[in-house]
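Peer 1: Just need the structure, nothing else, for what follows:
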Amino acid sequence: MLVIVKSPPETPDGERGVKLARDMAADVVLMQNGIYFAQKERLGGFCGRAYILDEDMRLRGLKDEGLEKGIKKLNHDELIDLIAEEDKVVGMF
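Peer 2: Numbers count the residues shown, from 1 in each chain. This is a model prediction of the structure:
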């Protein structure tokens with residue numbers, strides 16, 4: 001399962017999306033303002049795979065060294081491929 005989160009941390013929608021991914025042991029895609037969850041210490045105990053949209057990261061000025069380890073960057077084409085490969089996709093929070 002894949003959960004797509006576009007809302008920033010400390011918002012009900014953003015927190016709900018990450019909690020759903022954590023509870024369901026799903027992977028999460030962080031896009032738009034949801035990319036701020038990729039900053040160090042923001043995903044707290046998340047055990048699935050986390051992806052971030054590279055373009056959104058660049059547009060918001062986030063640098064690689066500020067990100068949690070293990071987060072994989074995607075471009076839009078890779079995101080479409082990832083969504084197509086998944087059985088279930090839930091979002092956007």
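Peer 1: From here on, just use CA atoms for contacts and neighbour counts.
Peer 2: Will do.
Peer 1: Below-threshold pLDDT in this protein: ranges please.
Peer 2: Across the chain, nothing is flagged by pLDDT under 70.
Peer 1: Quick check: beta-bridge partners of the residue positioned nearest the centre of it?
Peer 2: Residue closest to the average C-alpha location in the chain (Cα atoms, centre = their mean): Leu30, at 2.4 Å. Per DSSP bridges, the residues bridged to Leu30 are Val5, Ile52.
Peer 1: quick one: it and Asp54 touch, right?
Peer 2: No: contact criterion Cα atoms under 8 Å: Leu30 and Asp54 do not qualify, at 9.8 Å.
Peer 1: what about Val3, neighbour count?
Peer 2: Val3 has 24 neighbouring residues, counting by other Cα atoms under 10 Å.
Peer 1: With Phe46 instead?
Peer 2: Here the number of neighbours of Phe46 (other Cα under 10 Å) works out to 17.
Peer 1: Leu67 too?
Peer 2: Using other Cα under 10 Å, Leu67 is surrounded by 18 other residues.
Peer 1: Can I get the longest helix seen in the chain as PDB, trimmed to CA atoms?
Peer 2: The single longest helix within the chain, with elements called by DSSP state H, is helix 12-23. Only the C-alpha atoms of helix 12-23 are listed here, as PDB (Å, rounded to 0.1, in the frame of the first residue of the first chain):
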ATOM      1  CA  PRO A  12      -4.400  17.300  11.000                       C
ATOM      2  CA  ASP A  13      -4.300  16.000   7.400                       C
ATOM      3  CA  GLY A  14      -0.600  15.600   7.300                       C
ATOM      4  CA  GLU A  15      -0.400  13.900  10.700                       C
ATOM      5  CA  ARG A  16      -3.400  11.600   9.700                       C
ATOM      6  CA  GLY A  17      -1.700  10.500   6.500                       C
ATOM      7  CA  VAL A  18       1.600   9.600   8.100                       C
ATOM      8  CA  LYS A  19      -0.200   7.900  11.000                       C
ATOM      9  CA  LEU A  20      -2.200   5.800   8.500                       C
ATOM     10  CA  ALA A  21       1.000   4.800   6.700                       C
ATOM     11  CA  ARG A  22       2.700   3.900  10.000                       C
ATOM     12  CA  ASP A  23      -0.300   1.900  11.300                       C
END
